[in-house]
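K.L.:
Below are the sequence and a predicted model for it; my questions follow.
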Amino acid sequence: MATTQEQEQQKQQLVPAGMFKAAGGPIQQVQESLRRFDADLKQWMRQQSMPVEVALVTATSALQGGVIGALMGTFTADVAASLPQQAQGLNPQAAASLQKAQAFAGGPLLQARNFAVMTGVNAGLTCAMKRLRGGVEDTQTSMIAAFGSGAMFSIVSGMGGPDVATNAVTTGVFFALFQGGLFKLGQRFSKPPENDVNYLLSRSLLHNLGLQRYEKNFKKGLLTDATLPLLNESALRDVNIPPGPRLLILDHIKRHPELSSRE
């Protein structure tokens, strides 16, 4: 008859190493799986043609925006249900303003549509601009995407009144200025250290390919922006970048002349 110690040894042989450790963090496992799935999906979409990637990015972003809009619409509908009781203690002008604001907000379906249009158009235009400009995402890209989303929002929501074209342009300009200002503000507070200014294009390239984990490899090998036109498989191998990412990096540089130019 096996002793207790022998039984424990048999259990350890049957159970794979690290199983109990993995079971202790199911939330972390799910989060890591979602991150890997998101990175793989983005990498796959970047390998498709530009129309396919733009269509996929637009659709997925519109779906996300629609869900957020529906949730917000449900919340505002609950607020509307309690609005008469809240308005009893307010003066007539304040109560009327609250009612107009709720009427403008709309219900779940209306807000789902509006948010889907805004997020979908913004993400689609951003994706198209980045593909056309070699992965560069700057204030110009941000403002063009915001103008398109604002104009489409004005058209589908009808918030501007009968003059559709004028109000679409006005709303688009407002969205562009607002998002451009936010982009500039974000750049100002997230300015890279002085020793990182030589890796701006390299960092953008790696992030667009979902390979930001290899940014430290670039810095360790002194593969600055000036070396991008000179990169080859041997140089990337020397900084311990695996074969798959090496092929993606070299293909991306090859397909974007502005990155392979030595000027």
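P.N.:
Received the coordinates, thanks.
K.L.:
Pass me the low-pLDDT residue ranges in the stretch 151-263 of the chain, would you?
P.N.:
Along the stretch 151-263 of the chain, segments meeting pLDDT under 70 span 159-161, 190-195, 260-263.
K.L.:
Now do the strands in it.
P.N.:
Using DSSP state E, counting those that start in this stretch, no strands are found in the stretch 151-263 of the chain.
K.L.:
Enumerate every residue touching Gly66.
P.N.:
112-113, 115-116 (C-beta atoms under 8 Å, 6 or more residues apart in numbering). C-beta: built from backbone N, CA, C; applies to glycine.
K.L.:
Same list (those residues) but as JSON lines, adding distance to Asn232 and secondary structure.
P.N.:
Listed next are the contacts of Gly66 as JSON lines, based on distance: C-beta to C-beta, whole Å; DSSP: H, G, I helix; E, B strand; the rest coil:
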{"residue": "Ala112", "distance to Asn232": "49", "secondary structure": "helix"}
{"residue": "Arg113", "distance to Asn232": "50", "secondary structure": "helix"}
{"residue": "Phe115", "distance to Asn232": "46", "secondary structure": "helix"}
{"residue": "Ala116", "distance to Asn232": "44", "secondary structure": "helix"}
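K.L.:
what about stretch 124-144, average pLDDT?
P.N.:
The predicted model assigns stretch 124-144 a mean pLDDT of 85.
K.L.:
between the contacts of Gly66, which is nearest Pro257?
P.N.:
Using C-beta to C-beta, Ala116 comes nearest to Pro257 of the contacts of Gly66, at 35.5 Å.
K.L.:
Val57 versus the closest residue to the closest one other than its chain neighbours, what's the distance?
P.N.:
Spatial nearest neighbour of Ala116, excluding adjacent residues (C-beta to C-beta, 6 or more residues apart in numbering): Gly66 at 3.8 Å. Going from Gly66 to Val57 by C-beta to C-beta, to the nearest Å gives 15 Å.
K.L.:
could you point out the longest helix in this structure?
P.N.:
The single longest helix within the chain, with elements called by DSSP state H, is helix 50-81.
K.L.:
List the buried residues for that helix?
P.N.:
Using 16 or more other C-beta atoms under 10 Å as the test for burial, helix 50-81 gives 53-54, 56-58, 60-62, 65-66, 69-70, 72-73, 76, 80.
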